[in-house]
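Trainee: Let me see the structure of the following:
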Amino acid sequence: DFVYHFYSNGTNDTSKGFYTADAGNDYAFGIAFDATDNSFWMPDNSDIYFVYHFYENGTNDTSKGFNVGGAGSNSPRGIAIDTRDNSFWITDDITEFVYHFASNGTNMTSDGFNVAGAGIGEAYGIAIDNRDYSFWFVDYPDKFVYHISNSSSNLTDGFGIGIANPVGFTIDPRDYSFWI
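Mentor: Okay, the predicted model is just below:
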């Protein structure tokens with residue numbers, strides 16, 4: 001229930017960071033950085049299935065958060081922002097589905113997709129590759145990174161990571177490396 005701020009050299013900036021539980025987000029799994037206003041979006045995997053919107057100082061912007069339960073997501077885990085339209089892609093490890101939401105929280109799941117066919121059992125993390133707008137997922141129990149096309153086909157260039165409990169996942173746009 002705390003968001004830490006680390007620099008790329010591994011230094012923890014203890015003057016930054018904030019608690020999420022004070023706002024009600026006590027079971028956050030994913031986090032996405034929104035460059036349009038330097039804020040964060042985090043799904044809560046508790047009984048309310050809500051996506052919270054926090055600013056860097058820890059302020060929760062309740063006017064922008066939204067519920068994902070109505071779309072069928074009952075275990076939101078990973079979140080990624082699609083920079084083409086500032087929409088959100090959110091993974092659900094129980095339904096094995098990737099939900100698509102507009103920036104205002106409107107369900108756009110008509111273009112969401114199931115990941116089970118690609119072999120993904122529990123997609124905890126998600127990242128969008130802005131070079132071709134494909135998706136990368138980290139599978140928690142398999143300890144594997146999957147690469148899925150924007151038409152939901154497995155691109156088969158995924159790889160095993162061999163680390164315990166991979167949850168968060170993002171792509172570094174400077175060199176297209178992965179942070180897990």
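Trainee: Kindly state the beta-bridge partners for the residue nearest the centre of the chain.
Mentor: Centroid-nearest residue in the chain, with Cα atoms, centre = their mean: Ile79, separated by 1.8 Å. Beta-bridge partners for Ile79, by DSSP bridges, are Ile90.
Trainee: For Phe101, see how far away it is.
Mentor: 9 Å (Cβ to Cβ, to the nearest Å). No exception for glycine: its C-beta is placed from N, CA and C like everyone else's.
Trainee: Please enumerate the shared neighbours of those two.
Mentor: Val51, Phe88, Trp89, Ile90 (Cβ atoms under 8 Å, 6 or more residues apart in numbering).
Trainee: Tell me where the model's unsure across the protein.
Mentor: Residues of the chain that meet the criterion pLDDT under 70 lie in 8, 47.
Trainee: what's the burial count for Ser153?
Mentor: Residue crowding around Ser153 was assessed by other Cβ atoms under 10 Å; the count is 13.
Trainee: again with the one 4 residues further on
Mentor: Other residues lying near Asp157 total 10 when counted by other Cβ under 10 Å.
Trainee: ditto for Phe29
Mentor: For Phe29, using other Cβ under 10 Å, the count is 20.
Trainee: Need the three-state assignment for the nearest residue to it once chain neighbours are set aside.
Mentor: Spatial nearest neighbour of Phe29, chain neighbours left out: Arg77 (4.6 Å); criterion: Cβ to Cβ, 6 or more residues apart in numbering. Assigned by DSSP: H, G, I helix; E, B strand; the rest coil, the conformation of Arg77 is strand.
Trainee: burial of Arg77, as a residue count?
Mentor: For Arg77, using other Cβ under 10 Å, the count is 26.
Trainee: Next: Phe2.
Mentor: Other residues close to Phe2 by other Cβ under 10 Å number 10.
Trainee: Ok, the one 10 residues further on next?
Mentor: Asn12 sits with 11 neighbouring residues when counted by other Cβ under 10 Å.
Trainee: and it, what does it touch?
Mentor: Tyr4, His5, Phe6.
Trainee: Separate out the buried members of those.
Mentor: Buried by 16 or more other Cβ atoms under 10 Å: nothing, out of the contacts of Asn12.
Trainee: Is Gly58 in a helix, a strand, or coil?
Mentor: Classified using three-state DSSP, Gly58 is coil.
Trainee: Which strand residues bridge the residue nearest to it when sequence neighbours are not counted?
Mentor: In this structure, Gly58 finds its nearest non-sequential neighbour in Phe18, 2.8 Å apart by Cβ to Cβ, 6+ apart. Beta-bridge pairing of Phe18 under DSSP bridges involves Val3.
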